[in-house]
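Enquirer: Sequence unavailable; structure follows:
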């Protein structure tokens, strides 16, 4: 059972599990509004003891960065937690974010203190705690996944990075950088997240796992990939820098230990494939 079925990540998870022959029930907000007062009761009525619940549903920062958005997201977490306390299932997988870590953290591990610098990161920390408390009595296995920045053609947020760069390249408009795009970040293809979720479910994995490639790239390098994918004809434009340059890298030792045969999509292949998919859809 996947909550938030029409979202960018949830849709990728559903597609991956379905291709593998897994029976999946996707629940979009239109079918189950997790902000409704009776959402917990509705969800509990649907859950079966051998179900795996994948909780992806959230209002993302592009929908709002204010307290009202924070409270709606926490209400979702409260309703899901109430349902799980009332009707235990076999396994819960929570999709969060690396925004739970401090903005100043330059090398991130699962042991890095969760000290978010935004309402979005705070929301995920609190929802993780809600689930831990709700599942403590029933001893239901819980996996908390914290992916780094995600990209893919189906992204609806147009966030700064490969998603925005690829769309600009396909449209033939300049790719605008913050400063010179010097910041280095770890970007993950959404299909890789879905593949890891599939493995987590298959192994009934528990605990916390960051999802990152272990290879951070500058935004300028990613912009170059998007430009090259359309033949190198798009202009890349820097801008005056408003904030200091910061970098973020991940120690992925735990991910390698859990799934030693897993290989992430190379950014050169991933960004090129995304540009081609976007171009075909035009």
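Expert: Arrived safely. Please read all numbers here as calculations on a predicted model, not as lab measurements. Numbering: from 1, shown residues only.
Enquirer: mind checking pLDDT for residue 177?
Expert: Here, the pLDDT recorded for residue 177 equals 97.
Enquirer: That one contacts residue 219, doesn't it?
Expert: Yes: at 6.1 Å, residue 177 and residue 219 qualify as touching, with contact defined as CB atoms under 8 Å. Where you see a C-beta, it was placed from the backbone N, CA and C, and this is true even at glycine.
Enquirer: what's the spacing between the helix or strand where residue 14 lies and its chain's center?
Expert: Element membership for residue 14 (DSSP states H and E) is helix 8-19. In terms of CA atoms, centre = their mean, to the nearest Å, the centre of helix 8-19 is set 12 Å apart from its chain centre.
Enquirer: Go through that helix and flag the buried ones.
Expert: Within helix 8-19, the residues that count as buried by 16 or more other CB atoms under 10 Å are 8-17.
Enquirer: What's the mean pLDDT across the very next helix or strand once past that helix?
Expert: Heading C-terminal from helix 8-19, the first helix or strand you meet, by DSSP H and E, is strand 26-27. In this model, strand 26-27 carries a mean pLDDT of 97.
Enquirer: Helices along this structure, start to end?
Expert: Read by DSSP state H, the chain holds these helices, from start to end of the chain: 8-19, 39-46, 67-86, 119-136, 162-171, 190-203, 219-229, 253-258, 267-281.
Enquirer: okay, the angle between the second one and helix 67-86?
Expert: Which is helix 39-46. Orientation note: helix 39-46 sits at an angle of 40 degrees relative to helix 67-86 (axes from the mean of the first three to the mean of the last three CA atoms, to 10 degrees).
Enquirer: How about the most centrally placed residue in the chain: which residues does it bridge to?
Expert: In the chain, the C-alpha closest to the average C-alpha coordinate belongs to residue 147, at a distance of 5.1 Å (CA atoms, centre = their mean). In this structure, residue 147 has beta-bridge partners residue 211, where bridges are defined by DSSP bridges.
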